[in-house]
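> return a 3D structure for these sequence lines:
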Amino acid sequence: MPQARPQQEFLNLVEQHRGILVKICALYARQPEEREDLFQEIIVQLWKAWPSFKGLSKFSTWMYRIALNTSISGLRKKRTELVFMDHAQLPDAVHEEDGDRREKMNSLYKAIRELPEIDRAVVMLYLEDNSYEEMEEILGISQGTLRVKMTRIKEKLKRTIQTMEYGT
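Modelled structure (predicted):
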């Protein structure tokens, strides 16, 4: 039986990494109420798993795995369509950029919305600057497979964006 871990330690770590959870909820839930429900469900699942966290990986890696699994399994139960962050949820730096840069970012996010759920998770982790090693640990997909998948995703995004911009 794992030793009981202090509740305050859990709360501090979750608060420290709250941004990850907000992004995952924005990735997998359409409406604000759905995002809030998903956020709460992820917290519940994290709390249930907390006694088993041994610290062998980074807390954020462990949290990503549980949050993504909770989100994806919830989607499969509901069979709802995935959505990605809308323009209002883009990082502040994007809002400050000129119109052309903002338009390109919007095209990228629109193209990401069209990807299958696992590919979206890969892209999110990639954009968060996670290493392939961390992504392997979180998603349970080998680094080699992730590299191939990321190359294919980049090509698909490039084609999708070109189609949106030029209709070809």
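> when you work out contacts or count neighbours from here on, use the C-alpha atoms and nothing else.
OK.
> please name the nearest non-neighbouring residue to Ala29.
Distances taken as C-alpha to C-alpha, 6 or more residues apart in numbering put Arg35 closest to Ala29, at 5.1 Å, once the chain neighbours are dropped.
> likewise for Lys149?
Among residues not flanking Lys149 along the chain, Asp119 sits closest, at 7.8 Å (C-alpha to C-alpha, 6+ apart).
> picking up where we left off before, list the buried ones in the host helix or strand of the residue nearest to Ala29?
Element membership for Arg35, per DSSP states H and E: helix 32-49. Buried residues in helix 32-49, defined by neighbour count with 16 or more other C-alpha atoms under 10 Å: Arg35, Leu38, Phe39, Glu41, Ile42, Ile43, Gln45, Leu46.
> who are the contact partners of the residue nearest to Val22 when sequence neighbours are not counted?
What sits nearest to Val22 in space, not counting adjacent residues and going by C-alpha to C-alpha, 6+ apart, is Phe39, at 7.3 Å. Contacts here follow C-alpha atoms under 8 Å, 6 or more residues apart in numbering; on that basis Phe39 touches Leu21, Val22, Cys25.
> that older thread, separation between the residue nearest to Ala29 and Ile118?
18 Å (C-alpha to C-alpha, to the nearest Å).
> then Thr61?
Distance of Thr61 to Ile118, computed by C-alpha to C-alpha: 16 Å.
> what's the host helix or strand of Ala121 in contact with?
Assigned by DSSP H and E, Ala121 falls within helix 117-127. In this structure, residues lying in contact with helix 117-127 by C-alpha under 8 Å, 6+ apart are Leu27, Leu68, Ile72, Leu82, Ile112, Arg113, Met135, Leu146, Lys149, Met150, Ile153.
> output the lowest mean pLDDT helix or strand found in the protein.
Within the chain, no helix or strand scores below helix 92-96, which has a mean of 45 by mean pLDDT, DSSP states H and E.
> so what's the residue most central in space within the chain up against?
Geometric centre of the chain, nearest residue: Ile24, 4.0 Å, by C-alpha atoms, centre = their mean. Contacts for Ile24 (C-alpha under 8 Å, 6+ apart) come out as Ala67, Leu68, Ser71.
> name the nearest residue to the last one, sequence neighbours excluded.
Across the structure, with C-alpha to C-alpha, 6+ apart as the measure, the residue nearest Ser71 apart from its sequence neighbours is Tyr28 (6.4 Å).
> could you measure from that neighbour over to Ala49?
Per C-alpha to C-alpha, Tyr28 is found 21 Å from Ala49.
> do Thr151 as well
Counting by C-alpha to C-alpha, the separation of Thr151 from Ala49 is 33 Å.
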